[in-house]
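S.K.: Fold the following, please.
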Amino acid sequence: MTKNDRIINIVFNTINIKLNKSQLNSSTINKNGIYSVEPNFKRKEKDWHLVLINNRQKKLFVFEITKNHKVYDRLYNRSDKCRYRLLFDLDDMSFRERFSHESFSKFLTGTCEYNEDVF
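M.R.: Next up is the predicted model:
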């Protein structure tokens, strides 16, 4: 079972939100103590799910960004890789993205806890 398969199962079984695997990006806390994710440009063509995994507190933060939302115009573009680059501070519960300064809290659709060490 892949990491995204585990995320999909945990989210559905705890908060009853169905995630689309093909439109899902996730990030655990990296070595710099932040969340970092690089979704491809095609994510904006359909509703996109982002899951930030706090593996210290064992919490998942689930976001849904609707297709073609205006936030995509403000995200940092990595044209060399046809991807957006998003960085989030671990302790910022408004989930303000570092490059665009856009708060992703408006996209937060659910939070759930997990018990096992799966990530």
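S.K.: Could you measure from the most centrally placed residue in the chain over to residue 64?
M.R.: Taking Cα atoms, centre = their mean as the criterion, residue 50 is the residue nearest the geometric centre of the chain, at 2.5 Å. Distance, residue 50 to residue 64, using Cβ to Cβ, to the nearest Å: 8 Å. (Each C-beta comes from the backbone N, C-alpha and C, glycine too.)
S.K.: Could you tell me which residues touch both of those two?
M.R.: Here residue 50 and residue 64 have residue 107 as joint contacts, going by Cβ atoms under 8 Å, 6 or more residues apart in numbering.
S.K.: where does the residue of the chain most remote from its centre fall, phi/psi-wise?
M.R.: Farthest-out residue of the chain from its mean C-alpha position, per Cα atoms, centre = their mean: residue 80, at 21.6 Å. Phi and psi for residue 80, reported as degrees, to the nearest 10, are phi -70, psi -20.
S.K.: ok, residue 20 - contacts?
M.R.: For residue 20, the contact set (Cβ under 8 Å, 6+ apart) comprises 46, 47, 49.
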